[in-house]
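Trainee: please find the sequence and the predicted model below.
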2 protein chains.
Amino acid sequence: MAPLILASASPRRKEILRKINLTFDIVPSGVDEDYTNGLNPPQMAEQWALEKARSVSSPHPDKDVIGADTIVVLDDTILGKPTDADDAKRMLTTLSGKIHTVYTGVALRCDSAGAEESFVASTRVTFYSLGEEAIDRYVATGDPMDKAGAYGIQDTSACFVKKIDGCYNNVVGFPLAQFVQLIGNESVKEKFSVDNWFASDREIA
Amino acid sequence: MAPLILASASPRRKEILRKINLTFDIVPSGVDEDYTNGLNPPQMAEQWALEKARSVSSPHPDKDVIGADTIVVLDDTILGKPTDADDAKRMLTTLSGKIHTVYTGVALRCDSAGAEESFVASTRVTFYSLGEEAIDRYVATGDPMDKAGAYGIQDTSACFVKKIDGCYNNVVGFPLAQFVQLIGNESVKEKFSVDNWFASDREIA
């Protein structure tokens, strides 16, 4: 196994992390988010990223583990993954013409080193007013179904987005640039084996 | 030939337009931008998008033609495509730790209908402070060489970007969402054969 584990089944996160030539194994955490635990949304995203990293770190104590949790928040309401097409349509109708915020919590954990780091990134996303026909066409693609807030900014729903303010990859599901800043810190390099995470053709970070 | 022509050789623009299932042929314009013509940067981007669309429309009068031009502006200085690796390094060093603006002009033209539409989109991009090693590694990939400002936000230089304010695809090279708004206007649909541009599995717009 690689020295690094991504505790997420999200193909978007995998793709984003591959951009910087990280080599890692994927071990989904199986943690079920409970978004009713009394924290505010950014605290919650960071907390669940930590829970995911911890749950995978426990059976793999010598590995470095990345956990992440993305939530979409509109007017203090958290939009999770839609339960079905009707739910996706309802969510997109709610987001239409409004500004929402996407939070991604990121956690880094190594049990044997007793090391843990975490942060949360936020991006404000402004949607155009969406016609019912455009929403129906998008829901029919099936793309909304596995995504918080019922859209994936990297797919055709890019057309829904008037502007963003913050990190783009955070909206996709992983705030890569902020993560690269984190793992560039000397204090983090001392606790985690960052230099061993990269394929030989390391390009950046 | 398809009823729509993209007057650009940029693989990024092609990929962005394919997201919404547009079917088009590619005919690069061959127009050489002259960024010393006295217009301000956003006017210039729109003007060169028009020039590109016009130059391709002329020999294809019955087609609808899309032209686009992207420029990167830092402190009133336009950064074009780097001439070589040293120039790329110089540009990235200049962008380090600063906020710049990306403008993309977009034009739509049909000679036989005597129809023309255009707009310009702008996005502010904030770079982290970049170490010389990170810049050298990125320049060594060759990715900066065909890109205005010497970076492509969709590649590993995503790590350089602290935040953006505006449209993400505009920074990649084509402001898709704003274009979709344009071609949804009834007045534009009357002048261009928008409904014929899409593959049968039209998903959006």
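Mentor: Everything's here; your move. Numbers count the residues shown, from 1 in each chain, chains lettered A, B, ... in the order given.

Trainee: residues making contact with stretch A:42-58?
Mentor: Contacts of stretch A:42-58 with the rest of the structure, by CB atoms under 8 Å, 6 or more residues apart in numbering or on different chains, involve A:5, A:7-8, A:27, A:29-31, A:33, A:35, A:37, A:39, A:63, A:65-71, A:78, A:103-111, A:116, A:118-120, A:122. In short, each C-beta sits where N, CA and C put it, glycine included.

Trainee: okay, and which of those residues map to helices?
Mentor: Among the contacts of stretch A:42-58, DSSP state H puts none in helices.

Trainee: what residues does chain A put near chain B?
Mentor: Neighbours of chain B within chain A, by CB under 8 Å from any CB of the partner chain: A:19-21, A:123, A:128, A:134, A:137-138, A:140-141, A:153, A:155-169, A:176-178, A:180-181, A:202-205.

Trainee: just the buried ones from those residues?
Mentor: The neighbour count (16 or more other CB atoms under 10 Å in any protein chain shown) marks A:19-21, A:123, A:128, A:134, A:138, A:153, A:155-169, A:176-178, A:180-181, A:203-205 as buried among the residues of chain A next to chain B.

Trainee: now, which of those residues lie within strands?
Mentor: Cross-referencing those against strands under DSSP state E gives A:123, A:161-166.

Trainee: ok, those vs residue B:96, which is closest?
Mentor: Among those, residue A:166 lies closest to residue B:96 (CB to CB), at 19.8 Å.

Trainee: residues contacting the closest one?
Mentor: When contacts are counted by CB under 8 Å, 6+ apart, residue A:166 is found next to A:102, A:121-124, B:163-164.

Trainee: show me the shaky parts of chain A.
Mentor: By pLDDT under 70, the low-scoring segments of chain A are A:200-205.

Trainee: looking at the contacts of residue A:166, which one is closest to residue B:84?
Mentor: Using CB to CB, the contacts of residue A:166 come closest to residue B:84 at residue B:164, 27.4 Å.

Trainee: ok, for that closest one, nearest residue in space, not its chain neighbours?
Mentor: Closest residue to residue B:164 apart from its sequence neighbours, by CB to CB, 6 or more residues apart in numbering or on different chains: residue B:125 at 5.1 Å.

Trainee: cool, and residue A:80?
Mentor: residue A:148 (5.8 Å).

Trainee: I'd say the one you found and residue A:69 touch.
Mentor: No. Applying CB atoms under 8 Å as the test, residue A:148 and residue A:69 come out as separate, 9.1 Å apart.

Trainee: so these two - more neighbours on which side?
Mentor: Taking neighbours as other CB atoms under 10 Å in any protein chain shown, residue A:148 and residue A:69 compare with residue A:69 leading, 27 against 24.

Trainee: my guess is the more buried one meets residue A:120, correct?
Mentor: No. Residue A:69 lies out of contact with residue A:120 (CB under 8 Å); the separation is 9.0 Å.

Trainee: common neighbours of the two, please.
Mentor: A:45-46, A:49, A:104-105.

Trainee: what is the most widely separated pair among those residues?
Mentor: Most distant of those, by CB to CB, are A:46 and A:104, 9.1 Å apart.

Trainee: higher neighbour count, those two?
Mentor: A direct count of neighbours by other CB under 10 Å for residue A:46 and residue A:104 places residue A:104 higher, at 29 against 23.
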